[in-house]
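Peer 1: Could you look at this predicted model? Sequence included:
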Amino acid sequence: MNRLFATLKEKFGYLSFRPGQKEIISSILSQRDVIALLPTGGGKSLCYQLPGYILPGTVVIISPLISLMEDQVNQLNEQGEKRAISINSMLTFKEKESVVVNLEKYRFVYLSPEIIQSPKIRQALKEINVSLFVVDEAHCISQWGHDFRPNYSLLGSIRKEIGNPPCLAVTATATLEILQDISNHLHFQDPEYVIQSVNRPNISFVVEKVLSANEKLVKIYDLLSEIEGPGIIYCSSRSWTEKIAEFLKDKGFKSVAFYHAGISNEDRSLIQHQFINNQLKCIVATNAFGMGINKPNIRFVIHFHFPGQIESYMQEIGRAGRDGELSIAYTFIMETDVYLPKSLIEQDFPSVEMIDPIIRQLYNEKTNKIKIDLTENEWSQLGLSEVQWRFIHHYVRQLSSVYDCTTLIEKIKDIIEQRKQLKKRKLKKMLEYLYLSSCRRTFLLDYFGEQIKEKPEQCCDRCGIKVETYYAVNKEEQSQDLKWEEELRRIFKIE
């Protein structure tokens with residue numbers, strides 16, 4: 001146990017563990033499989049990074065986003081760890097080849113669930129000592145989870161193929177049923193469950209109804225004029241992130257930037273750096289922003305558009321208040337907002353009408369097989385988005401050896417309908433929360449199978465809170481401080 005605390009201090013600069021961390025790490029070091037539910041900001045990365053300094057060999061981490069993997073590697077580099085790598089599409093062919101050949105030299109290897117399907121990478125993993133297999137955002141494994149990624153469901157077989165190393169499956173948002181589904185997919189026999197409460201008592205919840213998008217903009221302007229920062233404003237579309245950022249800049253807020261998947265990697269890195277180093281008060285972003293951002297002092301999260309499920313909402317508001325200080329989650333809603341998440345549900349899947357002609361077009365009558373290895377150009381010519389093609393690819397690969405072409409088409413149609421109904425039920429729960437007349441915190445905890453033990457003084461708008469608590473310090477005092485600092489600069493001739 002002394003070694004645990006010595007490594008914690010030496011490598012991470014901490015003197016104590018957060019709730020759940022020590023139990024998770026101790027189980028991993030005892031070669032147990034672990035399923036961990038830690039709230040957003042609960043310090044899950046330390047749970048697999050610290051064992052990496054004690055166990056011999058390499059820690060393999062499966063992560064859903066390139067930006068998340070890159071952020072983790074950068075943070076490790078800044079801590080002095082140079083044996084960390086993310087194998088992704090940002091590497092050139094030669095760089096990938098070099099990394100794969102020298103894989104045993106790395107202590108931490110980050111991979112997406114798609115790239116680990118590569119036979120070359122799987123073979124390289126079989127030839128090294130993988131001491132720990134980590135599945136981050138593990139709720140993506142379950143087809144009943146809110147963010148199902150088909151390739152996640154294959155990780156159990158891949159883990160077995162590379163030597164069946166101990167596995168840590170970690171998530172911040174999953175019901176007990178989803179946690180059991182994660183265990184089944186990863187072929188766990190007797191896993192250790194470490195379940196922490198999703199409750200974040202230092203975050204207060206406010207939902208405010210408005211009549212129009214313009215009223216939302218005015219409300220956000222008023223709020224940012226008073227509230228302490230830094231913070232994040234979430235939108236469901238790229239165009240709205242740009243519109244809101246431009247509106248706020250026109251109103252005099254210069255330390256604002258927009259962030260979405262459509263901007264360059266260089267701009268994204270710059271914006272993240274500026275935000276982390278307090279050069280920006282506010283980021284207006286899609287849900288592409290936030291995962292892996294190591295910023296403990298975010299004071300507010302505002303939803304200009306609400307997400308389609310409570311799990312995403314909890315993950316996004318959980319980026320506030322990681323330092324334990326009071327923070328606030330504000331959501332503005334108008335009646336027509338519901339059409340956007342409904343539309344996104346339809347866009348996630350190919351339409352039922354598309355399935356028949358697409359599958360038959362891919363079917364080869366001579367070989368009685370279906371072509372599933374399409375290039376991006378080929379699946380886009382079929383009228384599919386990448387998400388839609390991943391969905392079809394997964395189920396065709398899984399079911400084509402079992403069913404004939406006609407039956408396969410019907411099976412995939414049924415699965416699409418089941419997935420849509422699940423997402424609609426989750427949206428209905430989100431709407432229940434937004435239009436709730438009772439305590440919001442109680443409702444959220446009940447959704448995740450918890451009971452509230454004690455309400456914080458600043459709970460939610462239904463229980464009554466003072467929004468002024470979250471306002472910045474007195475502006476006159478700020479002005480005096482600024483004058484005092486300017487006087488010092490003048491005296492000492494500091495530019």
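Peer 2: Thanks, I have it.
Peer 1: Is it correct that F12 is in contact with G43?
Peer 2: No - when contacts are counted by C-beta atoms under 8 Å, F12 is not listed as touching G43 (9.5 Å). Heads up, the C-betas are built off the backbone N, CA and C, glycines and all.
Peer 1: out of the two, which sits in the more crowded spot?
Peer 2: G43 (18 against 15; other C-beta atoms under 10 Å).
Peer 1: Contact partners for the more buried one?
Peer 2: R18, Q21 (C-beta atoms under 8 Å, 6 or more residues apart in numbering).
Peer 1: ok, it to K371 distance?
Peer 2: Distance of G43 to K371, computed by C-beta to C-beta, to the nearest Å: 45 Å.
Peer 1: Next: Q21.
Peer 2: For Q21, the distance to K371 (C-beta to C-beta) stands at 47 Å.
Peer 1: Pick out whichever of these two has more residues nearby.
Peer 2: Q21 (23 against 12).
Peer 1: residue contacts, that one?
Peer 2: By C-beta under 8 Å, 6+ apart, the contact set of Q21 is G42, G43, L46, C47.
Peer 1: where in this protein is pLDDT low?
Peer 2: For the chain, residues meeting the criterion pLDDT under 70 lie at 1, 143-146, 291-292, 473-495.
Peer 1: Need the single longest helix in it, by residues.
Peer 2: Ordering each helix of the chain by length in residues (DSSP state H) puts helix 405-434 first.
Peer 1: my guess is I302 is in a strand, correct?
Peer 2: Yes - assignment of I302 by DSSP: H, G, I helix; E, B strand; the rest coil places it within a strand.
Peer 1: Please name the bridge partners of it.
Peer 2: I233, Y330 (DSSP bridges).
Peer 1: thinking it is in contact with I232, fair?
Peer 2: Yes - with contact defined as C-beta under 8 Å, I302 counts as touching I232 (7.3 Å).
Peer 1: What residue spans form the domains of the chain?
Peer 2: 2-195, 203-341+465-481 (automatic domain parsing).
Peer 1: could I get these as TSV with distance to R440?
Peer 2: Output for these, formatted as TSV (distance: least, C-beta to C-beta, whole Å):
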stretch	distance to R440
domain 2-195	16
domain 203-341+465-481	4
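Peer 1: can you tell which of those domains is closest to S401?
Peer 2: Distance to S401, taken as C-beta to C-beta, is lowest for domain 2-195 among these, at 14.9 Å.
Peer 1: what distance separates that closest one from the middle of the whole chain?
Peer 2: In terms of C-alpha atoms, centre = their mean, to the nearest Å, the centre of domain 2-195 is set 15 Å apart from its chain centre.
Peer 1: How about stretch 210-220?
Peer 2: 27 Å.
Peer 1: Mind listing what's buried along it?
Peer 2: V210, A213, K216, L217, K219, I220 (16 or more other C-beta atoms under 10 Å).
Peer 1: what does it contact?
Peer 2: Stretch 210-220 is contacted from outside by E208, I233, I244, F247, L248, I302, F304, F332, I333, M334, using C-beta under 8 Å, 6+ apart.
Peer 1: for stretch 228-235, same thing?
Peer 2: Against stretch 228-235 from outside (C-beta under 8 Å, 6+ apart): 220, 241, 244, 275, 278, 280-287, 289-290, 295, 297-305, 307, 316, 319-320, 470-473.
Peer 1: Just these: which are in helices?
Peer 2: Using DSSP H, these in helices are I220, T241, I244, F275, E316.
Peer 1: Columns distance to S255 on top of these, output as a markdown table?
Peer 2: Shown next, in a markdown table, are the ones in helices among the contacts of stretch 228-235 (distance: C-beta to C-beta, whole Å):
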| residue | distance to S255 |
| --- | --- |
| I220 | 15 |
| T241 | 16 |
| I244 | 14 |
| F275 | 9 |
| E316 | 21 |
